[in-house]
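**Q** next come a sequence and a model predicted from it.
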Amino acid sequence: VEFLPTSGTSPNIDERIELVLGWDARASIMNKWITDVIEWLTLRSNPHFRFFNGRDHGYGILRMSKEKVVAEVYYHDKYVLGDEPKLSVKRTIYDQENCWD
């Protein structure tokens, strides 16, 4: 089982598209569409992927015990000072299992 949380401050897919296009593309419909397509293709490129988000910033927390591992991914708006993190996804894997729920 792998757990790769999101970035806190590094550019995500939508911000990289903005850098390539050279204009404030973050809010554009084209940027949203391109990002949606990349996320969709990424999820379908590997049957073991359970979740992928290439546009939001945040962090991950793993809670481990002998019985299970719980992964939580929280997102926040890095452009808003004091923005409270929001739980985006929570996955659990139990002892003797080999993939997230």
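**A** Noted; the coordinates are in hand. These numbers were taken from a predicted model, which means no experiment stands behind them.

**Q** show me where pLDDT drops low in this protein?
**A** The model of the chain has pLDDT under 70 over residues 1-3, 5-6, 23-27, 101.

**Q** where do the helices of it begin and end?
**A** Ranges of helices within the chain are 13-21, 29-45, based on DSSP state H.

**Q** show me what the shortest one is packed against.
**A** Yep, that's helix 13-21 we're talking about. If contacts are counted by 3 or more Cβ pairs under 8 Å, 6 or more residues apart in numbering; DSSP states H and E, helix 13-21 sits against helix 29-45. Bear in mind the C-beta positions are built from the backbone N, C-alpha and C, glycine included.

**Q** buried deepest among the helices of the chain, which one?
**A** Highest mean neighbour count among those (mean count of other Cβ atoms under 10 Å): helix 13-21, with a mean of 16.

**Q** only C-alpha atoms, please: export that helix in CSV.
**A** Taking Å, rounded to 0.1, in the frame of the first residue of the first chain, the C-alpha atoms of helix 13-21 are listed here in CSV:
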residue,chain,number,x,y,z
ILE,A,13,-1.5,20.6,-12.3
ASP,A,14,-3.7,23.7,-12.7
GLU,A,15,-0.9,26.0,-11.7
ARG,A,16,1.6,24.3,-14.0
ILE,A,17,-0.9,24.8,-16.9
GLU,A,18,-1.0,28.4,-15.9
LEU,A,19,2.8,28.6,-16.1
VAL,A,20,2.8,27.0,-19.6
LEU,A,21,0.0,29.2,-21.0
